[in-house]
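**Student:** fold the following and give me the result.
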Amino acid sequence: MTYDRSKLRPRWLHIGFGAFARAHPLCVLHRGLLNDPTGDWGVIVARLNSGRDALDQLDHARGIYHVLAADADGLHAEQVGCVIGTRHPDRDGADALPMLIASPELAVISLTITEKGYCSGPDGLDFDNPAIRAELAGAPPRTAISVLVAGLARRRAASHAGLTLLACDNLSGNGTKLARAVDDFARATDPQLADWIAGACRFPCSMVDRIVPAMTSPDRDRVRGTLGQDDPSAVICEPFLQWVIEDSFAADRPPLAEGGALLVADVEPYEDMKLRMLNGAHSLLALLGGQAGLATVDACMADPHFAAAVAHFHAQEAAPTLPPLPGIDLARYGEDLRARFRNPALKHRTAQIASDTSQKLPQRILAPLRWHLAQRGTVPPLMALVLASWLIWLRGYGDDGCALEVNDPRAETLRARISTLPSDADALPVFLAGYDGFGPDLAPDQRLHSAVQDALARLRAHGVRNTLAATMSEVAS
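**Tutor:** Presented below is the predicted three-dimensional model:
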């Protein structure tokens with residue numbers, strides 16, 4: 001580490017100190033400080049609910065942790081030192097984060113809170129969310145949205161400048177969604193505050209890309225063997241890292257370009273490319289691979305049926321929906337993605353990727369599916385299989401008869417509607433009508449109904465591998 005950590009000031013707050021935050025946005029800032037050693041961009045990291053112990057452990061290590069990039073040659077450690085403090089409402093009090101947000105030194109707030117942390121639906125903030133309802137009724141702020149609004153209210157009252165609020169989750173238009181949720185909450189409590197936020201703060205969109213599997217006990221052993229010591233905050237990830245950020249900052253800009261980020265006028269084309277090519281293929285592998293009993297992405301890619309399916313998905317189902325992007329060869333991008341998926345050192349679990357599928361499908365699968373219906377009048381076969389597989393997950397059992405564990409905020413509601421129905425044919429129309437991601441355009445579309453019904457019948461009759469083999473044979477003929 002070649003920058004002086006004693007000079008770092010609390011300029012940046014990051015909410016959501018999970019594995020991805022450690023390996024991506026904080027890692028980029030750390031690299032930026034290495035290239036701009038006079039910078040003072042220190043980070044306070046926060047968790048809102050669980051994770052207090054993880055913050056205590058990080059404090060014990062003086063904010064220093066390791067990111068270990070895994071490839072076929074082993075683990076390559078990078079020490080990250082930009083974190084200078086932590087906050088948790090259960091430890092530091094409900095006012096700790098709003099007070100920090102009001103600090104005149106603070107310039108940036110970033111978030112990795114997963115899709116459900118935005119407490120949003122298709123039309124903005126979900127006012128039926130129990131936590132949001134309670135906070136609007138006067139409960140102490142605990143959701144990220146209410147914490148932000150409470151802090152920004154204090155900041156406005158103190159006559160401090162606005163902030164940059166930087167969403168770092170895999171959401172299409174993540175900055176726009178964050179801005180809408182914050183505006184909705186603020187406008188419900190103080191319209192003048194909402195107007196100030198809209199004028200003084202910036203919510204740039206960003207596209208983040210780095211595969212960061214959840215840590216396991218064997219991973220901890222690998223870390224210990226590489227470092228020669230324990231590091232409870234360490235993460236293992238792939239070597240690849242990409243961050244594309246809309247160049248829209250309220251005031252000072254941290255050294256992100258110096259750390260490898262790309263600052264652009266419009267993130268959307270990069271975002272769509274990543275969501276449809278990488279994340280869409282990930283959902284294919286997670287749902288169909290999990291249904292087939294394959295535990296990791298590299299195990300899926302070692303199966304020739306899955307490897308062929310992903311190549312077809314990239315070339316024929318995802319790439320055609322994307323506009324040309326200067327400097328990007330989509331065929332090469334797809335090849336690079338498949339090489340990343342084959343990385344045997346990551347062990348990225350299909351169950352982890354399959355979590356929160358209801359939040360992920362609109363951007364990854366349904367948006368490009370709408371393009372195909374509008375432009376070609378067809379439902380791509382692999383997209384139909386992904387949707388059919390998710391219905392099978394919700395109904396409970398994979399190809400080997402083992403239960404499929406669904407970790408999804410809407411699973412209980414969706415399962416309650418379809419679990420007692422006698423057949424997939426009975427469940428499908430209820431599924432299409434009951435999941436709002438399909439919307440009024442897709443839910444009644446008979447082309448979609450027929451394609452998913454056929455995919456369901458094939459998967460039930462022949463299993464995932466045989467169905468993929470037959471599908472690839474059909475599209476090749």
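**Student:** which parts of the stretch 301-450 of the chain are strands?
**Tutor:** Counting by DSSP state E, counting those that start in this stretch, the stretch 301-450 of the chain has no strands to list.
**Student:** would you map out the domains in the chain?
**Tutor:** For the chain, the structural domains run 5-264, 268-476, going by automatic domain parsing.
**Student:** in JSON lines, list those along with mean pLDDT and mean neighbour count.
**Tutor:** C-beta: built from backbone N, CA, C; applies to glycine. Shown next, in JSON lines, are the domains of the chain (pLDDT from 0 to 100; neighbours: other C-beta atoms under 10 Å):
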{"stretch": "domain 5-264", "mean pLDDT": "97", "mean neighbour count": "19"}
{"stretch": "domain 268-476", "mean pLDDT": "95", "mean neighbour count": "18"}
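**Student:** would you map the helices across the stretch 351-477 of the chain?
**Tutor:** 357-361, 367-375, 381-395, 411-418, 424-434, 439-442, 446-476 (DSSP state H, counting those that start in this stretch).
**Student:** please apply the same query to the stretch 101-250 of the chain.
**Tutor:** Counting by DSSP H, counting those that start in this stretch, the helices of the stretch 101-250 of the chain are 130-136, 144-157, 174-189, 191-200, 217-227.
**Student:** then the first one to PDB, C-alphas only?
**Tutor:** The C-alpha coordinates for helix 130-136 follow below in PDB (Å, rounded to 0.1, in the frame of the first residue of the first chain):
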ATOM      1  CA  PRO A 130     -44.100  -3.100   5.800                       C
ATOM      2  CA  ALA A 131     -40.800  -1.400   6.700                       C
ATOM      3  CA  ILE A 132     -41.500   1.600   4.500                       C
ATOM      4  CA  ARG A 133     -45.000   1.900   5.900                       C
ATOM      5  CA  ALA A 134     -43.700   1.800   9.500                       C
ATOM      6  CA  GLU A 135     -41.000   4.400   8.700                       C
ATOM      7  CA  LEU A 136     -43.500   6.800   7.100                       C
END
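**Student:** which other helices and strands contact that helix?
**Tutor:** In terms of contacts (3 or more C-beta pairs under 8 Å, 6 or more residues apart in numbering; DSSP states H and E), helix 130-136 is packed against helix 144-157, helix 174-189.
**Student:** circling back: can I get the helices of the stretch 101-250 of the chain in TSV with distance to residue 356?
**Tutor:** As requested, the helices of the stretch 101-250 of the chain are exported to TSV (distance: least, C-beta to C-beta, whole Å):
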stretch	distance to residue 356
helix 130-136	17
helix 144-157	16
helix 174-189	15
helix 191-200	28
helix 217-227	22
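**Student:** out of these, flag the one nearest residue 442.
**Tutor:** helix 174-189 (20.5 Å; C-beta to C-beta).
**Student:** quick check, central residue of this protein?
**Tutor:** residue 170 (3.3 Å; C-alpha atoms, centre = their mean).
**Student:** how far does stretch 42-52 stretch from start to finish?
**Tutor:** 20 Å (C-alpha to C-alpha, to the nearest Å).
**Student:** tell me the contacts of residue 18?
**Tutor:** 51, 112 (C-beta atoms under 8 Å, 6 or more residues apart in numbering).
**Student:** circling back: of the helices of the stretch 351-477 of the chain, which is nearest residue 181?
**Tutor:** Among the helices of the stretch 351-477 of the chain, helix 357-361 sits nearest to residue 181 (C-beta to C-beta), with 13.9 Å.
**Student:** can you list contacts of the closest one?
**Tutor:** 114-116, 170, 279, 283, 286-287, 386-387, 390, 393, 406, 408-411, 414, 435, 437.
**Student:** sorry, back to before: how about a markdown table for the helices and strands packed on helix 130-136, with distance to residue 313 added?
**Tutor:** Below are these laid out as a markdown table (distance: least, C-beta to C-beta, whole Å):
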| stretch | distance to residue 313 |
| --- | --- |
| helix 144-157 | 33 |
| helix 174-189 | 23 |
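**Student:** how about those, which one is nearest residue 306?
**Tutor:** helix 174-189 (29.1 Å).
**Student:** and residue 41, how far from residue 186?
**Tutor:** Residue 41 sits 27 Å away from residue 186, going by C-beta to C-beta, to the nearest Å.
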